[in-house]
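Asks: pasting a predicted model and its sequence here:
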Amino acid sequence: CRVTTDFNPIQEKKKMARLICALLALCLTGSAVASRSTGTPKITVDSWGADSFRIRFNMDGGMPYNGPGALDETPPSFTGSNTVGDNTWTNGNLGLSLNGDTLTAKRGDNTILTMSATLMTNVFTENPGTNVSDTVSNTTSLIVNSMGSNISYFGFGEHENGKLDQIGLTYDMESCIEYGKSRGGEVCLPWIMVASDMGKGKQIQYGLLWNVPAYGSVSFGASSAELMNWTAYDIDQGDVFLTVPGADKNTETKDAAADILNHYVDAVGHAPPLPDWAAGYWHSKNRYKTQQEVLDTMEIFEKNFSIPVAVFVIDYFNWAVMGNLTFDPKNWPDPQSMVNTLKGYGTKIMVSTWPFSNGKSKTYEPLNKMGYAVHNSTTSVDWPDGVCGSPCYLYDPSNSQAREYWWSELKTGYYDYGIEIFWLDAAEPEQMGGTPPGSTYNTGSANRVGMMFPWYHSLTYFEGMSAAGSTDFMMLSRSAWAGMSKHHAALWNGDTTSNFGYLKTAIQAGQSIQISGIAWWTTDIGGYAHGNPNDPMFRELIVRWFQFGLTCPLFRQHGARPTEPWLLGNESFTYVREVMQLRQTLKSYVVGELNETANSGLPLNRPLWFDYPADIQTFAIDDQYMFGRQYMVAPIYVQGATNRSVYFPKNTQWKHYFTGNTYDGGSNGKTAIVDGPLNEFPLFMSTN
């Protein structure tokens, strides 16, 4: 049931409110909507699933925002109470009231936030890395004032700053997709979970999605802890999804945070269940250059060491020219035979594809002629990617016809050989020096919709393989936007460096991105750059990184080095094989837990506070995490360390997976020094 009304003029308020209430009395489930027009801005409120609202601000007083975004076109169905009063709305445990142009939100009887939107005109913005500036006609700003003390902000994608709590930090959205600044390790995914203490102990209060894919910025308590400020360029509208836990959820367990994430994935789309094969070992390096190299390496895995490989990865420049979306026949003379041989080993192939077209490629002229490339006011844009070279076009996946054309080339070039796993590298899209000024997609300017490129890019593959009848296909992308998991898209944390500092950063990044709604995540085990399998430090590092990778949704090694594990020397190779065997042992557990992720949104890896919010100390811990519902992990990430401090939350009991030693958090929580020689790491099974 959808009811829309405008509470203007003032003398009609009571009459219209009575009409709304009468109509809502006819509704058993669904969406209740009310709009208030105050001239500028106009605020539209929709029930959007249980205990959730969609709130849209139109700064010029026009129709509500209906542009590109992560939310599904129709709200999730739910059974619950919806009431609309005189400038008030209630949906289950979430209430809103409007006073002037300020919205106040309540969780039950407690006020959790206020929000208001403003508009700035003719804003002068610097293009990151180039000192080239754009003037954008409008910039919308949303200020959210959270209630309570000891405020924390969790989520917002993955980052290389080593922070799980985002408080005090400010981000420029476009910098997240600037490869020279992030190397693919920054993903500004605009979902945040806010915790505070409102007199009953610290707990997660609400989740918020800034559903605007524009360049801009966000700050989380940078000026004052309670203030969160979102800005969006080249747009005079805003779109927010706000949700709270249901009234029946226990705030002292994981139920409250899990309910918020469940509402969120209901709104943006659920990941599918992880295919069984995908939980195995993925082998990759930069790069296997020929078909024969792939076959020779797989024969060693299979015949010399009997190491099962779920996915063998063929990296970039498997093509002759970037934009030729097929194997270079010189180095890959018989792809079908290669696919069939690996299939006989129980191994699938993932192939790297990039979203660019070099001037010498097959797709370059068609992209320009048919208008399928990103363009400016006069012509297709020469995209500044150093790997593609110049001239170079970026295809425009926000254009459905461009998606169909691009997929048609991918289908004949790769898919028709039986390849159903695609590596979406450089999917930010990668650019050197910033987005060219004036760049425009089919759905709007880059300033306005540029953050959504990876979402549309993954849609190309999702639509293509779905139409072809595939079901267990996957993608691995180097960037993401909210709701991408429903496209079968996984994410990794970019081109990291092979050192212990980056291993620690990956631990926080993996937790952060998964509570941001990305179900399938992985890391380059061993790091991407500067690893040397003959270096004793690296041999120690890669064992520790394998131990961490074991507990991630996807278990994948990659690097710009020889990655064959038998090159690590006897000791490290032995330990790595033990980790691989343990992943095989836990494979059905991983699949089962990720099935729960598909069902409810509950992440495989999540911070301790998620499961144990009643223990205030868990909110400060960022280097331990849950591995499904049965295990807790405390990776070792310090060179030379053979033990580490581990915190056991209050009222919990644990058994060490390797030693069998037991640990009890007691009534207040306890810290213990736990041994972790190189062939072990602190992995604990819950015995509660």
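Replies: On my side now, so go ahead. Here the structure is a predicted model, which means the values were calculated and not measured.
Asks: so where does the residue positioned nearest the centre of the chain fall, helix or strand?
Replies: When Cα atoms, centre = their mean is applied to the chain, the residue found nearest the centroid is residue 518 (4.0 Å). Taking DSSP states H and E as the criterion, residue 518 maps to no regular element, lying outside all helices and strands.
Asks: show me the helices in the stretch 201-350 of the chain, by range?
Replies: 255-268, 291-299, 335-344 (DSSP state H, counting those that start in this stretch).
Asks: now do the second one against helix 335-344, angle only.
Replies: I take that to be helix 291-299. Here helix 291-299 runs at an angle of 10 degrees relative to helix 335-344 (axes from the mean of the first three to the mean of the last three Cα atoms, to 10 degrees).
Asks: with just CA atoms, put helix 291-299 into PDB.
Replies: What follows is helix 291-299, C-alpha atoms only, in PDB (Å, rounded to 0.1, in the frame of the first residue of the first chain):
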ATOM      1  CA  GLN A 291      48.500 -21.600 -22.000                       C
ATOM      2  CA  GLN A 292      51.400 -23.900 -21.600                       C
ATOM      3  CA  GLU A 293      52.500 -22.200 -18.300                       C
ATOM      4  CA  VAL A 294      49.000 -22.800 -16.900                       C
ATOM      5  CA  LEU A 295      49.000 -26.400 -17.900                       C
ATOM      6  CA  ASP A 296      52.500 -27.100 -16.600                       C
ATOM      7  CA  THR A 297      51.800 -25.500 -13.300                       C
ATOM      8  CA  MET A 298      48.500 -27.300 -12.800                       C
ATOM      9  CA  GLU A 299      50.200 -30.600 -13.500                       C
END
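Asks: what lies in contact with that helix?
Replies: Residues from elsewhere that reach helix 291-299, judged by Cβ atoms under 8 Å, 6 or more residues apart in numbering: 283, 288, 309, 312, 314, 331-335, 338, 341-342, 345, 347, 564. Backbone N, C-alpha and C define where each C-beta goes, glycine included.
Asks: could you tell me which of the residues you listed belong to strands?
Replies: Judged by DSSP state E, the contacts of helix 291-299 include 283, 312, 314 as members of strands.
Asks: ok, what's across the strand from the first one?
Replies: With DSSP bridges as the criterion, the beta-bridge partners of residue 283 are residue 312, residue 557.
Asks: show me the contacts for it.
Replies: Residues in contact with residue 283 (Cβ under 8 Å, 6+ apart) are 297, 301, 309, 311-313, 556-557, 563.
Asks: poorly predicted segments of the stretch 51-200 of the chain, please.
Replies: Within the stretch 51-200 of the chain, the segments meeting pLDDT under 70 span 121-137.
Asks: please identify which of the helices of the stretch 201-350 of the chain is closest to residue 220.
Replies: With distances scored as Cβ to Cβ, the stretch of these nearest to residue 220 is helix 255-268 (17.1 Å).
Asks: what does the closest one contact?
Replies: With Cβ under 8 Å, 6+ apart as the test, helix 255-268 has contacts from 48-52, 70-72, 75-76, 191, 193, 203-204, 206-207, 209, 241, 243-246, 249-250, 271, 482-483, 485-486, 515, 517, 600-603, 606, 609-610, 613.
Asks: can you show me the strands along the stretch 551-688 of the chain?
Replies: Using DSSP state E, counting those that start in this stretch, the strands of the stretch 551-688 of the chain run over residues 555-557, 605-607, 625-627, 631-633, 643-648, 653-656, 662-664, 670-675, 683-686.
Asks: mind putting the contacts of residue 283 in TSV, neighbour count, distance to residue 618 and pLDDT included?
Replies: What follows is these, written out as TSV (neighbours: other Cβ atoms under 10 Å; distance: Cβ to Cβ, whole Å; pLDDT from 0 to 100):
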residue	neighbour count	distance to residue 618	pLDDT
297	17	43	98
301	20	40	98
309	20	37	98
311	23	35	98
312	24	39	98
313	25	36	98
556	24	29	98
557	24	31	98
563	23	36	98
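Asks: sec struct for residue 180, please.
Replies: Reducing the assignment at residue 180 to three states with DSSP: H, G, I helix; E, B strand; the rest coil gives helix.
Asks: measure it to residue 284 for me?
Replies: Shown here: residue 180 relative to residue 284, a distance of 23 Å by Cβ to Cβ, to the nearest Å.
Asks: more neighbours, those two?
Replies: For residue 180 versus residue 284, neighbours defined as other Cβ atoms under 10 Å are more numerous around residue 284 (22 against 14).
Asks: look up the closest residue to the more buried one, ignoring the ones flanking it.
Replies: Closest residue to residue 284 apart from its sequence neighbours, by Cβ to Cβ, 6 or more residues apart in numbering: residue 313 at 3.4 Å.
Asks: returning to what we had before: just the buried subset of the contacts of helix 255-268, please.
Replies: Among the contacts of helix 255-268, those classed as buried by 16 or more other Cβ atoms under 10 Å are 48-52, 70-71, 75-76, 191, 193, 203-204, 206-207, 209, 241, 243-246, 249, 271, 482-483, 485-486, 515, 517, 601-603, 606, 609-610, 613.
Asks: which residues does residue 492 bridge with?
Replies: In this entry, residue 492 is beta-bridged to residue 522, by DSSP bridges.
Asks: hang on, it packs against residue 478?
Replies: Yes - with contact defined as Cβ atoms under 8 Å, residue 492 reaches residue 478; the gap is 6.8 Å.
Asks: quick one: which of these two has more around it?
Replies: Higher neighbour count among residue 492 and residue 478: residue 492, with 28 against 25, using other Cβ under 10 Å.
Asks: mind checking which of the contacts of helix 255-268 land in strands?
Replies: Applying DSSP E to these, the entries found in strands are 52, 191, 193, 203-204, 206-207, 209, 241, 243, 606.
Asks: for residue 454, state which of those residues is nearest.
Replies: Nearest to residue 454 among the ones in strands among the contacts of helix 255-268: residue 191, at 14.8 Å, using Cβ to Cβ.
Asks: thinking again about what came up before, mind putting the ones in strands among the contacts of helix 291-299 into CSV with distance to residue 370?
Replies: Below are these laid out as CSV (distance: Cβ to Cβ, whole Å):
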residue, distance to residue 370
283, 38
312, 35
314, 29
